[in-house]
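Chemist: Sharing a model prediction with you, sequence too.
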Amino acid sequence: MLQIFLKMLSVTLFTSLIQSTVFSGGLGIDESIKGARKPRYLVMYGLWVTFFSVTLAVAGRFITPLLAKITPRSASQDFIAYIIILVCIYIGAAALCKYILGASKKYMNSLGFCAFNSLVLSMPVLGGTSLSKAVAAAIGAGIAYILSVLIIRGGMRHINANKYIPAFFRGTPALFIYISLVALALSGISGV
Amino acid sequence: MDRIRAILRKIRLSLFKGAFIHNPILTQAAGVFAIVVAAKSLRDGFALALTAGIILLVNEAAAALLLKRLPRWLRVAFYALIGSAVIYLAEPFILPLTSGGRVLPLGFCLLSVNALTVIRCERFACKNKLRHCIVDAFSGAVGYGAVALVTGAIRELIVYGTFFRGADAVPLIPNGALPFIAFAILGFLAAAHKAVVIKFYPKEQTNTFSMKSSDEKIVLRDPGLGNKKKHSASDDSDDYDIIDLRPAVRDIQEGEGE
């Protein structure tokens, strides 16, 4: 049991800190940039991203062997199945929030933002070979999302405050180059 | 006849503004992940541009005709479903265009949840007529596709030293296919684009390059559970509200009015 826990912890730390799914993989970068612009409910968003990642990764572990039996098999076919599962999970979560917990309109809109992104949808593929690894990788992806928002937000604030950046490099260009440098640094650390 | 000419001129202008001046990737970083993950060569960039364009067009048409009657939280799920169905149907045509050509790369499969589609549909298609949406989808697709093509071509030249041969060769730069090179290329492309806009279209750059983070503090409480009425003004802002589409909408509508 302890061995499984330690393995999970190792995978979670690896996917969140060393080989960040967002910076080293480029997944969920749109949502991270958007989150960095409006980080007020980052914790809530991060928890929902983690929830959808974990549930889809677990469902993916069970559904992928069944999909493998379908011939001819194609990648897009697998992703239709994953999307249908994700939509079911999303509608269940949304119904719970809306009709039982009395969520506001804004809250409901944010839920879609957390569920339908490349980070969550890639989980059944990148999740790992066993259930415990898939869950650990999904939790790591959620943590990676929160960390990437904080890192991008820090960069944005410094970029906006810096008056020495040439006019045509201000804003989006400087942000892309900043993200590129962070991604390069993380790739160097992970040794990929 | 003059009216038709005026409408065509306005549509041309809207396409130019939507595709170039308000380019969704270079100005507001929408739909970046697919370019970073999938556009590793010119061939992949071309296939990506085609797929993203078709998904955007179909989704905007669906949003303008049917989906706008649904609540927004449900619409988002339909965009993903429609996107995945389009990818499934288009796979036999797209697969030969990609590098390798045997298995559809991950970046293409993930296009069904492209942020660009959700932004365009929510900010434009749900509030406008079908003909306006087609112009908007076309301009968005051209803008997105152009960046995908240029990024793919530069990446292939730098990493593989080839042109339109795909990403199958042994890379000249070890690990050159990793995302950091794509981010750097996008950064320099965005700077070049911004320099052109500042020099030749100085009036157009207002309200376009607002890639600033707000000064709001991160809070632990949730924004709306069990609290339907009480939420701050910032809560009303839109998660997808990152592209200022008002100039494009205004141009198209003015064209209709003339």
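Modeler: Alright, I've got the coordinates.

Chemist: which residue ranges form the helices in the chain?
Modeler: Let's take chain A. A:2-13, A:29-37, A:42-68, A:75-95, A:105-115, A:118-121, A:123-126, A:131-161, A:172-190 (DSSP state H).

Chemist: The intended chain is chain B.
Modeler: Per DSSP H, chain B carries helices over the ranges B:2-16, B:24-28, B:32-38, B:42-65, B:72-94, B:106-109, B:115-123, B:130-159, B:179-200, B:246-257.

Chemist: Make a markdown table from these and add mean pLDDT and mean neighbour count to it.
Modeler: Any C-beta I mention is one placed from the backbone N, CA and C, and that applies to glycine too. Shown next, in a markdown table, are the helices of chain B (pLDDT from 0 to 100; neighbours: other Cβ atoms under 10 Å in any protein chain shown):
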| stretch | mean pLDDT | mean neighbour count |
| --- | --- | --- |
| helix B:2-16 | 83 | 15 |
| helix B:24-28 | 86 | 26 |
| helix B:32-38 | 90 | 29 |
| helix B:42-65 | 93 | 24 |
| helix B:72-94 | 92 | 20 |
| helix B:106-109 | 88 | 24 |
| helix B:115-123 | 90 | 27 |
| helix B:130-159 | 91 | 22 |
| helix B:179-200 | 92 | 20 |
| helix B:246-257 | 48 | 17 |
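
Chemist: could these go into a markdown table alongside distance to chain A?
Modeler: Below are these laid out as a markdown table (distance: least, Cβ to the nearest Cβ, whole Å):
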| stretch | distance to chain A |
| --- | --- |
| helix B:2-16 | 19 |
| helix B:24-28 | 6 |
| helix B:32-38 | 4 |
| helix B:42-65 | 10 |
| helix B:72-94 | 3 |
| helix B:106-109 | 4 |
| helix B:115-123 | 4 |
| helix B:130-159 | 11 |
| helix B:179-200 | 3 |
| helix B:246-257 | 17 |
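
Chemist: From the centroid of chain A, which residue is nearest?
Modeler: Here the mean C-alpha position of chain A is nearest to the C-alpha of residue A:119 (Cα atoms, centre = their mean), at a distance of 3.5 Å.

Chemist: What of chain B?
Modeler: Chain B has residue B:116 as the residue nearest its centroid, 3.8 Å off, counting by Cα atoms, centre = their mean.

Chemist: Check chain A for the residue nearest chain B and tell me.
Modeler: Distances between chain A and chain B by Cβ to the nearest Cβ are smallest at residue A:104, namely 2.9 Å.

Chemist: Tally up the residues packed near that residue, please.
Modeler: By the criterion of other Cβ atoms under 10 Å in any protein chain shown, residue A:104 has 22 neighbours.

Chemist: Mind pulling up the pLDDT for it?
Modeler: According to the prediction, residue A:104 has pLDDT 83.

Chemist: what's the answer for residue A:86, then?
Modeler: If you check residue A:86, the pLDDT there is 94.

Chemist: For the spatially closest residue to it that is not a sequence neighbour, give me the pLDDT.
Modeler: The shortest distance from residue A:86 to any non-neighbouring residue, by Cβ to Cβ, 6 or more residues apart in numbering or on different chains, is to residue A:56 (5.5 Å). Confidence at residue A:56, expressed as pLDDT, is 93.

Chemist: thinking again about what came up before, nearest to residue A:70, of the helices of chain B?
Modeler: helix B:72-94 (12.6 Å; Cβ to Cβ).

Chemist: Now do that closest one against helix B:115-123: the angle between them, please.
Modeler: What separates the directions of helix B:72-94 and helix B:115-123 is an angle of 140 degrees, with axes from the mean of the first three to the mean of the last three Cα atoms, to 10 degrees.

Chemist: So which other helices or strands are in contact with helix B:72-94?
Modeler: Counting contacts by 3 or more Cβ pairs under 8 Å, 6 or more residues apart in numbering or on different chains; DSSP states H and E, helix B:72-94 packs against helix A:75-95, helix A:105-115, helix B:42-65, helix B:106-109, helix B:115-123.

Chemist: Single out the most deeply packed of the helices of chain A.
Modeler: Among these, helix A:118-121 has the highest mean neighbour count (mean count of other Cβ atoms under 10 Å in any protein chain shown), at a mean of 30.
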